[in-house]
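Undergrad: Provided below are the primary sequence and the corresponding predicted coordinates.
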Amino acid sequence: MTNEPYFPGLEGVIAGETAVSTISGGLRYRGYSITDLAADSGFLEVAYLLLHRELPTEEQFADFKAILVESSWVDPAIIEFMKSIPLHVSAMDVLRTCISALGHFDPQLDDDSTPANIAKATRLLAQIPILIAARHRLRHGLPLVAPDAELSFAGNLLYLITGREPAPLFEKAMDVSLVLYAEHEFNASTFAARVVASTEADLHSAIVAAVGALKGPLHGGANERVLEVLQEVGRPAAAEAWVRQALAARRKIMGFGHRVYKQGDPRAVILKEYCTRLARAAEDPSLEQIADTIEQVVRDEKGLPPNLDWPSARLYHYLGLDVDLYTPLFVASRVAGWAAHVIEQAENNRLIRPRSKYVGPGDRSFTPLAKR
Ligand code: ACO
């Protein structure tokens, strides 16, 4: 075993097969380019595509939407429990715990057949926005808002959080961010979900593990750190000096670099366009100017392009959302991809159990406690 090839962080390792998405030749979900999906579809169509493997017909789409509306009910016991969680606990931690609690109330928890897994995933898609919005509104002392069946998924998500129907540009921008966040092959959180599913544990357990993995700042947690950085910089004139100093101090610039996109993240390019439009609508170009300067310097000095979290943080800021909602919003979308992978893993399962390279002490003789 000692001479076996070893790749730290599993970099470049093919760890399984998937038909859900590929990054070869541009990111595609089940064969469809994200450019086309972001331009002409909506998040719910994409979620349907990921879970059901084909784009929906109009009739299938209407049924899916109706099921989502019915499934958005969250047991009041979970909301009561949420009220008891201390206010300093982050929105992401509360979401992880409450998704786990949803499992206790799900009628199909231990049924891992594909129809049951699709049904559970559909319920999670409907319930997660309710949880995110409930925590946000409770924390701000605001009354909870009931979902509006007439709104799109993105429109409803914003409505549940803010209590206001969003303007069309806001709704489209949110929708595109959800489309782009929905799926990304064997990233850390999806892999975590697949590892859990490979033990034949239930879908909720796999999703909870994925949420935990997503929270970290090297993964989904980066979008919250990005806005903190932009706020730290403060004004366009300070951006160049700030970023040069940060790089000289070997500080990581959140929102840059990617394990698999060394030439650029195609999702970031699409979302930046929406940031430009939102900044124009707000008649405030300063955040885009700060971002452009940082982007240029990081590219010139380190050869690193931005990833999706770089524009998404600005986009959510333009939508007027609190920073601690950013990673939970990633969850609201990525749950579709995670569930598609859990289903795929369950359908063709082999326990994921790699080996490690041992670097600990050699053989040692044991001395009983009393003689040590
Ligand atoms: N800022 C400054 N330097 C960086 C950054 C960054 N954001 N990312 C990578 N580097 C540097 C590394 O320090 C390293 O430099 P060195 O060769 O001089 O030591 C070099 O670029 C290569 O980086 P690795 O760490 O080997 O790249 P890896 O593939 O392991 O990491 C990762 C990818 C974790 C995403 C990394 O780029 C990073 O930490 N980025 C910031 C966090 C972030 O934005 N995460 C979001 C990822 S996308 C998503 O989850 C949707």
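TA: Cool, the structure landed. Residues are numbered from 1 along each chain as shown.
Undergrad: Could I get the CA-only coordinates of stretch 76-88 as CSV?
TA: Taking Å, rounded to 0.1, in the frame of the first residue of the first chain, the C-alpha atoms of stretch 76-88 are listed here in CSV:
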residue,chain,number,x,y,z
PRO,A,76,-45.0,23.9,13.5
ALA,A,77,-42.9,21.9,16.0
ILE,A,78,-39.8,22.7,13.8
ILE,A,79,-40.6,26.4,13.8
GLU,A,80,-41.1,26.3,17.6
PHE,A,81,-37.8,24.5,18.0
MET,A,82,-36.1,27.1,15.7
LYS,A,83,-37.3,29.8,18.1
SER,A,84,-35.4,28.2,20.9
ILE,A,85,-32.0,28.3,19.0
PRO,A,86,-29.9,31.1,20.4
LEU,A,87,-29.8,34.2,18.1
HIS,A,88,-26.0,34.1,17.7
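Undergrad: So what touches it?
TA: 94, 97-98, 101-102, 105, 131, 134-135, 138-139, 144 (C-beta atoms under 8 Å, 6 or more residues apart in numbering). Any C-beta I mention is one placed from the backbone N, CA and C, and that applies to glycine too.
Undergrad: List the buried residues of it.
TA: The neighbour-count check on stretch 76-88 (16 or more other C-beta atoms under 10 Å) flags 78-79, 82 as buried.
Undergrad: from those, which is closest to the ligand?
TA: Nearest to the ligand among the buried residues of stretch 76-88: residue 82, at 26.2 Å, using C-beta to the nearest ligand atom.
Undergrad: For the closest one, give its distance to residue 142.
TA: Residue 82 sits 14 Å away from residue 142, going by C-beta to C-beta, to the nearest Å.
Undergrad: Say whether the ligand is contacted by the helix or strand where residue 99 lies.
TA: Using DSSP states H and E, residue 99 sits within helix 91-105. No. Using C-beta under 6 Å from any ligand atom, helix 91-105 stays clear of the ligand, coming no nearer than 13.5 Å.
Undergrad: which helices and strands sit right next to that helix?
TA: If contacts are counted by 3 or more C-beta pairs under 8 Å, 6 or more residues apart in numbering; DSSP states H and E, helix 91-105 sits against helix 76-83, helix 114-139, helix 203-215, helix 326-347.
Undergrad: packing partners for the third one?
TA: This means helix 203-215. Under the contact definition 3+ C-beta pairs under 8 Å, 6+ apart, helix 203-215 sits against helix 91-105, helix 114-139, helix 188-198, helix 326-347.
Undergrad: what's next to the first one, contact-wise?
TA: Contact partners of helix 91-105, identified using C-beta under 8 Å, 6+ apart, comprise 74-75, 77-78, 81-82, 85, 109, 123-124, 127-128, 131-132, 135-136, 139, 202, 204-205, 207-208, 211-212, 214-215, 221, 322, 324-325, 327-328, 331.
Undergrad: which of the residues you listed count as buried?
TA: Neighbour counting with 16+ other C-beta under 10 Å marks 74, 78, 82, 109, 123-124, 127-128, 131-132, 135-136, 139, 202, 204-205, 207-208, 211, 214-215, 221, 324-325, 327-328, 331 as buried within those.
Undergrad: can you list the helices and strands packed on helix 203-215 in TSV and add mean pLDDT?
TA: TSV is the format used below for the helices and strands packed on helix 203-215 (pLDDT from 0 to 100):
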stretch	mean pLDDT
helix 91-105	98
helix 114-139	98
helix 188-198	98
helix 326-347	98
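Undergrad: and these, which is most packed in?
TA: Stretch with highest mean neighbour count among the helices and strands packed on helix 203-215: helix 326-347 (a mean of 25; mean count of other C-beta atoms under 10 Å).
Undergrad: okay, the angle between that one and helix 188-198?
TA: Note on geometry: by axes from the mean of the first three to the mean of the last three C-alpha atoms, to 10 degrees, helix 326-347 and helix 188-198 are set 40 degrees apart in direction.
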